[in-house]
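S.K.: build the 3D model from these lines:
(one chain, ligands or ions: 1)
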Amino acid sequence: MIESLLAQVPKHIFTCPEYIPGKNPQDIKKNLQSADLPIIKLASNESPYPPPVEILEKLKEALTSLHLYPDPQALSLKQALSEVYSLPKEYFLCSDGSDSLLQDFIRCFIRGPECKAIGFHNTFPAFRVQSLVQEGTVLFLPQKENYHPDISSALHFFSSLSQEEKKSCKVFYLANPNNPTGDYLTQKEILTIFSHVPKSCLILLDEAYEEFSRFFSDFSSGISLLNQFPNIVLLRTFSKAFSIAGLRLGYAIGHPSLLTLVQKFKMPFSVNSLALIAGTEFFKKKNLLLQQKLLKQIQEQKEELELFFHSLKWAFLKSAGNFVCFRPHFSTHFPTEQLHFFLESQGLIIRLLPLTIPPEHKETEYWLRVTIGTAPQMKAFQNSCRQFFLKQESS
Ligand SMILES: Cc1ncc(COP(=O)(O)O)c(C=O)c1O
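M.R.: A predicted model of the protein is given here:
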């Protein structure tokens, strides 16, 4: 009976790739070397720190009002954002996570194979998945051997488009810094690329990891480009640097006339009342200062981890996010999958990811991505890696 129902679903839905999130503690319990090992999850680039106590108190107070719908306009949050960024509140659209906004904007622009969604290889997979759900044509631009976008290829791609082809470019997606490589484009590189993107093409600039990149002097947020490029929409999240991944909160910054349009078809109440309170509170000066301190700790842990990989002579990609991609390297082999399995047996969940190899991007190789945790979590991670290293060296 269910067959006749499923037969009504458009065919392309069956072939859409699935987004596979990081594993949860219960997924690895059966492979643990010893049942009482603590489980450390460093697989989804969440913050290792819970929200500040004052915010938790505010959330507790709000529990007695959970029978009421939240403000559908998320006005208190928009007001806070407007003050922080010195932009009118009409420039903001809030939602249940930035991936839901990514989906909304793609739904708005992509409909059918004649609509092109363009991005670089080895980027956040939701962009491709959502474009394919809309039956769009997804094109990937190449990276160089170090996984940095190949700017001249991108310029060549955009400048050789005919007028007709320009019109078919509907969305250009760029995650800066990029997940999973951690690589970033400087303001100068961004300007060069964006000035070649057709003016009629939406530029989705995903800045999920922007707060972690402030330690890099040549990184700059795209927010200063909004005047020059009204076709940019920035995507930001509270899931990474703001430690409320579980509440689901993200926001877009862009031209009010486009945001109003998207707001029209968005589900109402997509920001729940707890997320709204936490998000608004995070922008209070005291909480921002605390956040700065925690971001600095994450940066220090990341630098220490890079030195550790260096000491083992393992390959890693320099990262501007709160994660690092790496590969274990022994004289003749890269036992990436074995290390992943070994770490899980030790209670450490990290991510095994296929990257397509530049510049041709015809083959893939597996890398591991570890999220930066607290100092004790990183110590446990390094100890387990060292144990694996010694075992391999002696075998
Ligand atoms: C580049 C990028 N964008 C968006 C997201 C999703 O963030 P959110 O939790 O706000 O949906 C992630 C999460 O991993 C990400 O890496």
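S.K.: up against the ligand, what does the stretch 1-150 of the chain have?
M.R.: Listed as neighbours of the ligand in the stretch 1-150 of the chain under the rule Cβ under 6 Å from any ligand atom: N45, G97, S98, D99, F124. To be clear about C-beta, it is placed using only N, CA and C from the backbone, and glycine gets the same treatment.
S.K.: what's the following helix or strand after the longest helix along the chain?
M.R.: Criterion DSSP state H: the longest helix present in the chain is helix 285-312. Next helix or strand after helix 285-312 toward the C-terminus (DSSP states H and E): strand 315-317.
S.K.: who does that following strand touch, helix- and strand-wise?
M.R.: Secondary-structure packing of strand 315-317 (3 or more Cβ pairs under 8 Å, 6 or more residues apart in numbering; DSSP states H and E): helix 285-312, strand 323-327.
S.K.: tell me the phi and psi of K29?
M.R.: For K29, the backbone dihedrals (degrees, to the nearest 10) come out as phi -50, psi -40.
S.K.: from the ligand, how far out is it?
M.R.: Using Cβ to the nearest ligand atom, to the nearest Å, we find K29 at a distance of 24 Å from the ligand.
S.K.: measure that residue to L276 for me?
M.R.: Noted for K29: a distance of 35 Å to L276, by Cβ to Cβ, to the nearest Å.
S.K.: quick one, which of those two is more surrounded?
M.R.: Taking other Cβ atoms under 10 Å, K29 and L276 do not tie; L276 has more neighbours (20 against 12).
S.K.: list the contacts of the helix or strand bottoming out on mean pLDDT in the chain.
M.R.: One helix or strand of the chain scores below all others by mean pLDDT, DSSP states H and E: helix 25-28, with a mean of 84. Contact partners of helix 25-28, identified using Cβ atoms under 8 Å, 6 or more residues apart in numbering, comprise I39, K41, E344, G347, I349.
S.K.: can you list those residues in TSV and add secondary structure?
M.R.: Output for those, formatted as TSV (DSSP: H, G, I helix; E, B strand; the rest coil):
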residue	secondary structure
I39	coil
K41	strand
E344	helix
G347	coil
I349	strand
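S.K.: going along the chain, name the helices of the stretch 201-350 of the chain.
M.R.: For the stretch 201-350 of the chain, the helices defined by DSSP state H, counting those that start in this stretch occupy 256-265, 273-282, 285-312, 336-345.
S.K.: pull the residues that contact stretch 9-22.
M.R.: Here stretch 9-22 has contacts from K41, A43, S44, P125, A126, R128, V129, L132, V133, E135, I349, R351, using Cβ under 8 Å, 6+ apart.
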